[in-house]
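S.K.: Structure, please.
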Amino acid sequence: MTKEVNLSSRSLKRDEMIKYAYELFYKNGFHATGVDAIIQGTGISKRTLYKHFASKEGLILASIDYYHQTMYTVIFNYLQKYDSKKPVEKALKIFDFLSMHVDAGKQYGCFAMNAKNEYANKATEIETACDAYVQALQELIERYLKEGNLEDSKSLSMQVMMLFEGAIIRSKGLGNSHPIKLAKAAAELICNQ
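M.R.: Below is the predicted model of the structure:
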């Protein structure tokens with residue numbers, strides 16, 4: 001019993017560190033956020049942090065995984081709530097999801113894309129984790145495009161994902177959702193050819 005409580009307590013501390021680090025990394029960037037800021041904000045010792053994560057990069061990987069699991073689930077559930085008879089429309093609702101978040105003031109961009117940009121050609125594991133998130137979203141889009149009987153749904157889903165990623169970057173830079181609406185219109189053209 002004591003061992004179970006101890007493992008649960010460790011798991012809670014680990015989760016707390018990941019969530020707090022995620023918030024700081026998202027807001028301030030990865031290189032600009034030091035381990036000391038995470039320690040100070042959580043009240044957890046440096047020793048405890050390094051007991052759970054071998055390095056800052058290990059914590060970043062855990063934060064990317066947290067983002068991947070959380071955001072994928074939120075996006076999936078958002079798309080699932082649309083009982084559209086047209087799966088292509090359902091796939092393109094991902095742009096509406098993004099617009100909703102940007103319009104609500106969430107303009108930090110995509111956590112995974114931010115990490116990939118900061119660690120490009122510097123940390124393969126981080127880049128791979130970021131790519132896995134983007135790939136998961138692309139496969140979700142592809143699944144809906146296949147349901148809509150679109151030819152070459154794999155290529156189309158990649159094109160839609162490229163528009164989605166571009167819309168994220170552009171809306172972050174402009175601070176509004178207009179680029180997202182334009183990207184969705186372009187995706188509709190591509191999918192309706």
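
S.K.: quick one: average pLDDT of stretch 59-77?
M.R.: For stretch 59-77, mean pLDDT rounds to 96.

S.K.: Could you pull up phi and psi at Cys110?
M.R.: Main-chain dihedrals, Cys110, degrees, to the nearest 10: phi -90, psi 120.

S.K.: Touching, it and Ala167? I think so.
M.R.: No. Applying CB atoms under 8 Å as the test, Cys110 and Ala167 come out as separate, 10.2 Å apart. C-beta here means a position set from N, CA and C on the backbone, and glycine is covered the same way.

S.K.: Which one of those two is surrounded by more residues?
M.R.: Ala167 (25 against 22; other CB atoms under 10 Å).

S.K.: So the more buried one: helix, strand or coil?
M.R.: helix (DSSP: H, G, I helix; E, B strand; the rest coil).

S.K.: ok, now how distant is it from Lys86?
M.R.: 21 Å (CB to CB, to the nearest Å).

S.K.: What of Phe30?
M.R.: When Phe30 is compared with Lys86 (using CB to CB), they lie 39 Å apart.

S.K.: just Leu79 next, same as before
M.R.: 13 Å.

S.K.: quick one: average confidence on the helix or strand containing Tyr133?
M.R.: Tyr133 belongs to helix 124-147 when assigned by DSSP states H and E. For helix 124-147, the per-residue pLDDT values average out at 96.

S.K.: Report the contact partners of the closest residue to Ser157 other than its chain neighbours.
M.R.: In this structure, Ser157 finds its nearest non-sequential neighbour in Glu142, 3.6 Å apart by CB to CB, 6 or more residues apart in numbering. Residues near Glu142 by CB atoms under 8 Å, 6 or more residues apart in numbering: 153-154, 156-157.

S.K.: likewise Lys27?
M.R.: Contacts here follow CB under 8 Å, 6+ apart; on that basis Lys27 touches Tyr108.

S.K.: Which pLDDT value does the model give it?
M.R.: Looking at Lys27, the pLDDT reads 94.

S.K.: That one: what secondary structure?
M.R.: helix.

S.K.: now it: how far from Ala167?
M.R.: Distance from Lys27 to Ala167, by CB to CB: 21 Å.

S.K.: in the protein, what spans have low per-residue confidence?
M.R.: Within the chain, the segments meeting pLDDT under 70 span 1-10.

S.K.: so how far is stretch 53-63 off the chain centroid?
M.R.: Here stretch 53-63 is found 16 Å from its chain centre; the criterion is CA atoms, centre = their mean, to the nearest Å.

S.K.: May I see the buried residues of it?
M.R.: For stretch 53-63, a neighbour-count test (16 or more other CB atoms under 10 Å) marks 53, 56, 59-63 as buried.

S.K.: I'd like these as TSV, with secondary structure appended.
M.R.: Putting the buried residues of stretch 53-63 into TSV (three-state DSSP) gives the following:
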residue	secondary structure
Phe53	coil
Lys56	helix
Leu59	helix
Ile60	helix
Leu61	helix
Ala62	helix
Ser63	helix
